[in-house]
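> dropping a prediction and its sequence here:
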Amino acid sequence: MAVLSLDHVSYTYGEGTPFEIKALDDVSLTVREGSVTGIIGHTGSGKSTMVQLFNGLERPMQGRVLLDGQDIWTEPKKMREIRFRVGLVMQYPEYQLFEETVGADIAFGPRNIGLDEEEVARRVAEAATLVGLPKDLLDRSPFELSGGEKRRAAIAGIMAMKPEILVLDEPAAGLDPRGRDIILNAIRSYGKHTGATVIIVSHSMEDMAAYCDDIVVMAHAKVALSGTRDEVFANAEALTAVGLDVPQITRLALLLRARGVDIPDGIYTVEAATRALRKLFGKGRTV
Amino acid sequence: MKNIAFGQYYPARSPLHTMDARMKVVLSVLYIVAAFLCKSAPAYAALLASAVVLLLLSRIPPRIVLRSLRPLFFIMIFTALLNLFFSGGTTVLFSFWRITVYVEGVYSAVFMLVRIVVLIFGTSIFLTYTTTPIELTDAIESLLSPLRILKLPVHEFAMMMSIALRFIPTLMEETSKIMNAQKARGVDFSSGGLIKRAKALVPILIPLIVSSFRRADELAMAMECRCYRGGKGRTKMTVPKLSVLDFVALAFMVAFGGTLLYLNGFRFGL
């Protein structure tokens, strides 16, 4: 497995024109191996630029992008291999589907790696199961699927390449709550299944809290805050300072504690809150 | 996003920005005619001077306008070289091996270069940099409106044009997104033979075409929802009006054309 890190990276759009925008400003960070790391921030905080640096789609203007300590730009000709190791699912990936059948589309990446047909078929089946696409859908045209199914097919296309680091830019954007849960669960189980590092970019604090081990908070082209989920959410003031907030359910738990209710730290999901409250009531305490 | 200056409107406060777009279309046609009227060195000098005056009047940074020349750089050099080596003449400047360069060749190369630069400068300053695409299509619709008598769908034509202009940047952005997505899946655009490279375009073109149709569909739906029914009975929010400024500009342009004709009389060099 591999460790991905940024070393003093800066990136500016339209440098030297009146429309110059600084997307990343001297950003350094290391993604913990095997973790599910969430990158969170408002629109324009530099998240999407950052993910395109991870697999060499954009070249940093200053600084280095390191994979296992190696600068990925030392040999630009080998960038293709880097892209197989760092799989990137772009925003709205369903618009990249093009093959005649869903199965062939998922197989596109693995075929580009140069795997034999047997291995390709195995990986397609595996990835389809992982994202919960039924077998009979694989022979259909990708354009006949529903929006959520298309999204899952596109994500399966990257998972089938078995990247050591899977990067997803807003994988749940525009989906209904059920579709969102299916996709985020599939992503987490990919990480568990293969031991790969998973990086999810999102602006939803709720999703990040429920699915990530580590969280990086971006604001104004810089890393505002980073650390484990507990460390980041313990710093509610810093989050508020950059216009973000802890998840609503965490806020509720904090408010309850302020009023003297004996509720534990680290409540990030409704389920965890329910469990904690049940335990309290089970003990016979009154609130 | 990709640093392409494609017919970019540059907002500024200048007489050229406030002029009626219809007059700017007429003036740019006249300016093209003027550029082709030139026959002598003084006339070309005047033409070049007029381009500089236009640039100053428009209050657009020269750097921005110069950028519009960049894509045509190769054609300009090529035309100049053709003129330099292949125009006949009487006065030999120098010759070596089988190539003879005449003084006339040098003149016509320089003239041709000036003409191309001025044509690009003139039309881009009049039309793209100081006129928004909406103003431009409205102007074209208005100028072509006499053709309605011949039952030509002038409004529809103008609408198609403005939609096409509107979607150029959108499609460019979409193309680069899809290219990135497919690169992430290991598509290689830069190696292999011709057939392999052409094949690498399939994963770009299919999603692009699909999404263009989707966008067209959505746009048509949105237009229908707002009861769009073509040009019949449609009124405009802002009705353009010709002002004194426009007629002054027209007068200047005509006078400029006359001056060029006068300067053609002075034989200098050629």
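Yep, it's here.

> and for the one residue in the stretch 101-250 of chain B that gets nearest to chain A, the neighbour number?
Nearest residue of the stretch 101-250 of chain B to chain A: B:G186, at 3.2 Å (C-beta to the nearest C-beta). Every residue, glycine included, has its C-beta placed from N, CA and C. A count of neighbours around B:G186, defined by other C-beta atoms under 10 Å in any protein chain shown, yields 19.

> contacting residues for it?
Contacts of B:G186 were listed using C-beta atoms under 8 Å, 6 or more residues apart in numbering or on different chains, and they are A:80, A:83-84, A:109, A:112-113, A:161.

> identify the residues contacting residue 50.
In the absence of a named chain, this looks at chain A. Neighbours of A:M50 in contact, by C-beta under 8 Å, 6+ apart: A:6, A:24, A:27, A:39, A:201, A:218.

> not quite, go with chain B.
Taking C-beta under 8 Å, 6+ apart, we find B:S50 in contact with B:118, B:256.

> check which helix or strand it maps to.
According to DSSP states H and E, B:S50 maps onto helix B:41-58.

> list the helices and strands the following helix or strand past that helix packs on?
Next helix or strand after helix B:41-58 toward the C-terminus (DSSP H and E): helix B:62-67. Applying 3 or more C-beta pairs under 8 Å, 6 or more residues apart in numbering or on different chains; DSSP states H and E, one finds that helix B:62-67 contacts helix B:41-58.

> give the buried residues for the strand or helix carrying A:L280.
Secondary-structure element containing A:L280, defined by DSSP H and E: helix A:270-282. Buried residues in helix A:270-282, defined by neighbour count with 16 or more other C-beta atoms under 10 Å in any protein chain shown: A:272-273, A:276-277, A:280.

> figure out the helix or strand that B:E135 lives in.
Assigned by DSSP H and E, B:E135 falls within helix B:133-144.

> buried residues, the one helix or strand B:M223 maps to. List them.
In the assignment (DSSP H and E), B:M223 maps to helix B:194-225. For helix B:194-225, a neighbour-count test (16+ other C-beta under 10 Å) marks B:200, B:203-204, B:206-208, B:211 as buried.

> sorry, back to before: list the contacts of the helix holding A:L280.
Residues contacting helix A:270-282 (C-beta under 8 Å, 6+ apart): A:249, A:252-253, A:261-264, A:266-267, A:287.

> and the helices in the stretch 51-200 of chain A?
A:79-85, A:102-113, A:117-131, A:147-159, A:177-194 (DSSP state H, counting those that start in this stretch).

> list the contacts of A:I40.
By C-beta under 8 Å, 6+ apart, the contact set of A:I40 is A:47, A:201-205, A:208, A:215-218, A:244.

> quick one: pLDDT of the most centrally placed residue in chain A?
By C-alpha atoms, centre = their mean, chain A has its centre lying nearest to A:I200, at 1.0 Å. For A:I200, the model assigns a pLDDT of 95.

> just the one 4 residues further on next, same as before
The model reports A:S204 with a pLDDT of 85.

> who's in contact with the one residue in chain A that gets nearest to chain B?
In chain A, the residue that lies nearest chain B is A:N112 (3.2 Å; C-beta to the nearest C-beta). By C-beta under 8 Å, 6+ apart, the contact list for A:N112 reads A:84, B:185-188.

> and chain B, which residues reach chain A?
B:1, B:3, B:174, B:177-178, B:180-188, B:202-203, B:206-207, B:210-211 (C-beta under 8 Å from any C-beta of the partner chain).

> keep only those of these that are in strands.
Members of the residues of chain B next to chain A lying in strands (criterion: DSSP state E): none.

> follow-up on the earlier one: convert the C-alpha atoms of the helix holding B:E135 to PDB, please.
Taking Å, rounded to 0.1, in the frame of the first residue of the first chain, the C-alpha atoms of helix B:133-144 are listed here in PDB:
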ATOM      1  CA  PRO B 133     -22.400  38.200 -27.400                       C
ATOM      2  CA  ILE B 134     -26.000  39.100 -26.600                       C
ATOM      3  CA  GLU B 135     -25.600  42.600 -28.000                       C
ATOM      4  CA  LEU B 136     -23.900  41.200 -31.100                       C
ATOM      5  CA  THR B 137     -26.600  38.700 -31.900                       C
ATOM      6  CA  ASP B 138     -29.300  41.300 -31.300                       C
ATOM      7  CA  ALA B 139     -27.400  43.600 -33.700                       C
ATOM      8  CA  ILE B 140     -27.200  40.900 -36.300                       C
ATOM      9  CA  GLU B 141     -30.900  40.100 -35.900                       C
ATOM     10  CA  SER B 142     -31.700  43.800 -36.300                       C
ATOM     11  CA  LEU B 143     -29.500  44.300 -39.300                       C
ATOM     12  CA  LEU B 144     -30.800  41.200 -41.100                       C
END
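
> re earlier: columns pLDDT and distance to B:Y107 on top of the contacts of B:G186, output as CSV?
Listed next are the contacts of B:G186 as CSV, based on pLDDT from 0 to 100; distance: C-beta to C-beta, whole Å:
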residue, pLDDT, distance to B:Y107
A:R80, 89, 53
A:R83, 93, 55
A:F84, 94, 59
A:G109, 94, 60
A:N112, 92, 56
A:I113, 92, 61
A:M161, 95, 62
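
> select from those the one having the most neighbours.
For the contacts of B:G186, neighbours tallied by other C-beta under 10 Å; top is A:G109, 29 neighbours.

> name the nearest residue to A:G147, ignoring sequence neighbours.
Closest residue in space to A:G147, ignoring its immediate chain neighbours: A:E94 at 6.8 Å, by C-beta to C-beta, 6 or more residues apart in numbering or on different chains.

> wouldn't the one you found be in contact with A:A154 here?
Yes. Between A:E94 and A:A154 there is a contact at 5.1 Å, judged by C-beta atoms under 8 Å.

> okay, those two: which has more neighbours?
Neighbour count, other C-beta under 10 Å: between A:E94 and A:A154, A:A154 has more, with 25 against 20.

> could you measure from the closest residue to that one other than its chain neighbours over to B:R166?
Excluding its sequence neighbours, the residue lying closest to A:A154 (C-beta to C-beta, 6+ apart) is A:P93, at 3.6 Å. According to C-beta to C-beta, to the nearest Å, A:P93 and B:R166 sit 26 Å apart.

> if we can go back for a sec, does the residue nearest to the centre of chain A really touch A:K47, like I thought?
No. Judged on C-beta under 8 Å, A:I200 makes no contact with A:K47 at a distance of 10.4 Å.

> what touches both of those two?
A:I39.

> now the helix holding B:E135: mean pLDDT?
Mean predicted lDDT for helix B:133-144 stands at 86.

> mind listing residues that contact it?
B:7, B:9, B:20-22, B:24-26, B:127, B:131, B:152, B:154-155, B:157-159, B:161-162, B:165-166, B:236, B:240.

> stretch B:242-256 too?
So stretch B:242-256 is in contact with B:15, B:18-20, B:22-23, B:26-27, B:30-31, B:34, B:46, B:50, going by C-beta under 8 Å, 6+ apart.
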